[in-house]
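> My questions are about this predicted structure, shown below with the sequence.
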Amino acid sequence: MAVSYKKLFHLLIEKDMTNGQLMQEAGFSANIITRLKRGGYISLDSVESICRVLHCGVDDILEFIPDEDGGKENG
C-alpha cells in the first residue's frame with residue numbers, strides 16, 4: 001500500500017505556508033520534504049511534528065492508496 005501526501009501540500013497552500021517554513025517549525029531537514037514529495041516513508045515522529053505545527057490530524061495530511069493488485073502478494 002502506498003502513501004500519498006497530496007493532502008499535506010494542499011493544506012500548506014491553504015495555510016499560506018512554504019515547505020521551508022514547515023521544515024523550520026517542525027524541526028526536520030529538506031530530506032523529509034523530498035520523501036514527502038516522492039510518497040516515501042517518514043517516521044511517525046515527523047508526522048507528529050507536522051500535525052502539531054499545522055494543528056491537524058494525520059488524516060488531514062496523508063492517505064493510503066491501495067496497490068493496483070488489491071494488496072495481494074505475488075506467489
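Everything's here; your move.

> any low-confidence regions in the protein?
70-75 (pLDDT under 70).

> could you pull out the strands for it?
2-4, 63-65 (DSSP state E).

> Select the longest helix from this structure.
Ranked by number of residues, the top helix in the chain under DSSP state H is helix 44-54.

> For that helix, list every residue counted as buried.
Residues 46-47, 49-51, 53-54 are the ones in helix 44-54 that count as buried (16 or more other CB atoms under 10 Å). From N, CA and C alone the C-beta is placed, and that goes for glycine too.

> Residues touching it, excluding its own?
8, 11-12, 15, 17, 22, 25-28, 32, 57-58, 60-62 (CB atoms under 8 Å, 6 or more residues apart in numbering).

> redo that, cut-off 7 Å
8, 11, 15, 22, 25-28, 32, 57-58, 61 (CB atoms under 7 Å, 6 or more residues apart in numbering).

> Let's see the PyMOL selection covering just the buried ones among those.
Listed next is the PyMOL selection for buried residues among these, using 16+ other CB under 10 Å:
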select buried, resi 8+11+22+26+28+32+61
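
> a markdown table for the contacts of helix 44-54, including distance to Ile42?
Converted to a markdown table, the contacts of helix 44-54 look like this (distance: CB to CB, whole Å):
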| residue | distance to Ile42 |
| --- | --- |
| Leu8 | 10 |
| Leu11 | 15 |
| Lys15 | 19 |
| Leu22 | 12 |
| Glu25 | 16 |
| Ala26 | 11 |
| Gly27 | 13 |
| Phe28 | 8 |
| Ile32 | 6 |
| Gly57 | 16 |
| Val58 | 12 |
| Ile61 | 10 |
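
> with the contacts of helix 44-54 in mind, which one is nearest to Gly40?
Ile32 (9.3 Å; CB to CB).

> I'd guessed that closest one sits against Ser43; true?
No - with contact defined as CB atoms under 7 Å, Ile32 does not reach Ser43; the gap is 8.7 Å.
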